[in-house]
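# generate a structure from the sequence data that follows.
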Amino acid sequence: MIPISDPNLSATDHYLYLAPIRGLTDALFRNTFYRHFDGIDAAMAPFINPQRKALFDDKMLSDILPQNNTIKPVIPQLLHTSPEDFITLAKHIADLEFTHINWNLGCPAPMVTRKKRGSGLLPYPDEIISFLDRVMPKITMQLSLKTRLGFADKNELLQLLPLLNDFSLKEIIIHTRLGKQLYRGKTDPQSFEACRRTSRHTLVYNGDINSRTDFISLAGQFPTVNRWMIGRGILMNPFLAEEIKGFPEESGTKRMERLYNFHQALYKEYGEKLSGPGHLLGRMKQLWIYLISSFPGNEKGFKKLKKSNSPDQYIDSVERIFNG
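Down below sits the predicted model:
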């Protein structure tokens with residue numbers, strides 16, 4: 001195992017979250033992933049959509065229900081900006097015996113940010129503090145925040161962090177891009193260091209950890225950080241968490257067998273859950289946008305897969321990709 005930064009601190013001492021990726025990392029994906037790969041310690045569920053009159057039915061909360069998350073811990077995430085609605089739903093989630101909930105201040109999707117939700121709220125620190133003043137005395141669970149460096153300016157988070165120091169937050173997860181960047185352009189680890197110096201809270205690093213080399217570099221820059229969130233890197237390379245934690249290396253044949261079995265299981269599970277082949281193929285093609293990175297040089301096979309419009313064509317394309 002390669003030391004990370006301190007010779008007394010190995011990769012196994014680091015806590016890895018699976019990031020919430022809407023439309024991909026739902027409970028079915030998470031459970032299937034955990035049965036085939038190791039290294040992830042917990043996952044954050046994609047945010048629950050705000051509703052004015054939440055009925056709290058099983059459909060609304062199915063992704064976080066304990067009976068649907070039996071393998072690894074899951075952290076529910078709320079996008080609400082109404083304190084009353086947040087408190088009501090948080091109390092219901094607490095009744096499900098959760099002890100940790102997350103508030104999303106990082107979503108960069110335009111349809112979210114133009115409503116002053118997600119990272120769209122970061123330019124308004126007074127509203128964030130007012131929200132927390134009203135919410136935190138009313139909830140029993142630990143609260144964490146998932147955020148970005150800002151929406152349009154990285155100084156937005158730097159101005160907010162000192163105001164958060166008096167709140168008893170579990171941790172703050174920082175994706176090191178601006179909201180307006182979406183997922184484009186480079187991340188900004190230097191600004192994360194500025195945040196680390198400014199905040200009294202435990203910080204979690206998130207953003208473009210796509211290889212073990214990336215992780216070692218970041219762990220070297222931030223030797224006091226031992227909590228990390230990885231999203232697209234895991235989708236591109238499902239072995240990444242194992243690689244980071246120094247699991248024994250396997251042959252290329254064994255890895256490809258495991259990856260194939262994972263794909264087949266996921267395809268079967270989604271086929272039983274989703275309504276019709278159109279939805280099934282749409283979901284699987286979305287995953288392949290990332291997973292094709294595990295098959296370098298196979299762009300031609302990916303193009304054929306994207307054009308498949310029936311399960312038979314799709315499976316044929318998958319077999320061709322796995323067979324090189």
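
# and the helices in the stretch 51-200 of the chain?
Taking DSSP state H, counting those that start in this stretch, the helices of the stretch 51-200 of the chain run over residues 58-61, 83-95, 110-113, 125-135, 155-164, 189-198.

# need those helices in TSV (columns: mean neighbour count and mean pLDDT).
For glycine as for every other residue, the C-beta is placed from the backbone atoms N, C-alpha and C. Converted to TSV, these look like this (neighbours: other Cβ atoms under 10 Å; pLDDT from 0 to 100):
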stretch	mean neighbour count	mean pLDDT
helix 58-61	13	79
helix 83-95	16	94
helix 110-113	16	97
helix 125-135	15	98
helix 155-164	19	98
helix 189-198	16	97
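
# let's have these in CSV, adding distance to V204.
CSV is the format used below for those (distance: least, Cβ to Cβ, whole Å):
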stretch, distance to V204
helix 58-61, 24
helix 83-95, 20
helix 110-113, 21
helix 125-135, 18
helix 155-164, 14
helix 189-198, 10
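
# now do the lowest-mean-pLDDT helix or strand in the chain: everything it contacts.
In the chain, the helix or strand scored least confidently by mean pLDDT, DSSP states H and E is helix 58-61, which has a mean of 79. The contact list for helix 58-61, computed with Cβ atoms under 8 Å, 6 or more residues apart in numbering, reads I48, N49, Q51, A54, L65, H92, I93, L96.

# the longest helix anywhere in the chain packs against which elements?
Ordering each helix of the chain by length in residues (DSSP state H) puts helix 252-273 first. For helix 252-273, the packing partners by 3 or more Cβ pairs under 8 Å, 6 or more residues apart in numbering; DSSP states H and E come out as helix 27-36, helix 277-291, helix 311-322.

# out of those helices, which one sits most buried?
Most buried of the helices and strands packed on helix 252-273, by mean neighbour count (mean count of other Cβ atoms under 10 Å): helix 27-36, with a mean of 19.

# report the inter-axis angle for that helix versus helix 277-291.
Comparing the axes of helix 27-36 and helix 277-291 via axes from the mean of the first three to the mean of the last three Cα atoms, to 10 degrees yields an angle of 50 degrees.

# tell me the buried residues in stretch 244-262?
Under the neighbour-count criterion of 16 or more other Cβ atoms under 10 Å, stretch 244-262 has I244, K245, G246, F247, R255, M256, L259, Y260, F262 buried.

# next, format the residues you listed as JSON lines and append distance to R200.
Shown next, in JSON lines, are the buried residues of stretch 244-262 (distance: Cβ to Cβ, whole Å):
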{"residue": "I244", "distance to R200": "27"}
{"residue": "K245", "distance to R200": "28"}
{"residue": "G246", "distance to R200": "31"}
{"residue": "F247", "distance to R200": "34"}
{"residue": "R255", "distance to R200": "42"}
{"residue": "M256", "distance to R200": "46"}
{"residue": "L259", "distance to R200": "42"}
{"residue": "Y260", "distance to R200": "47"}
{"residue": "F262", "distance to R200": "40"}
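
# out of those residues, give me the two with the largest separation.
G246 and Y260 (24.1 Å; Cβ to Cβ).

# okay, now F215: neighbour count?
Residues within reach of F215, counting by other Cβ atoms under 10 Å, total 24.

# quick check: which element contains it?
If you go by DSSP states H and E, F215 is part of helix 212-221.

# could you export that helix as PDB, CA atoms only?
Taking C-alpha atoms only, helix 212-221 is exported to PDB below (Å, rounded to 0.1, in the frame of the first residue of the first chain):
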ATOM      1  CA  ARG A 212      -5.700   6.900  -7.200                       C
ATOM      2  CA  THR A 213      -3.100   9.400  -8.400                       C
ATOM      3  CA  ASP A 214      -5.600  12.300  -8.000                       C
ATOM      4  CA  PHE A 215      -6.400  11.100  -4.500                       C
ATOM      5  CA  ILE A 216      -2.700  10.800  -3.400                       C
ATOM      6  CA  SER A 217      -2.000  14.300  -4.700                       C
ATOM      7  CA  LEU A 218      -4.900  15.800  -2.900                       C
ATOM      8  CA  ALA A 219      -4.200  13.900   0.300                       C
ATOM      9  CA  GLY A 220      -0.700  15.200   0.200                       C
ATOM     10  CA  GLN A 221      -2.000  18.800  -0.200                       C
END
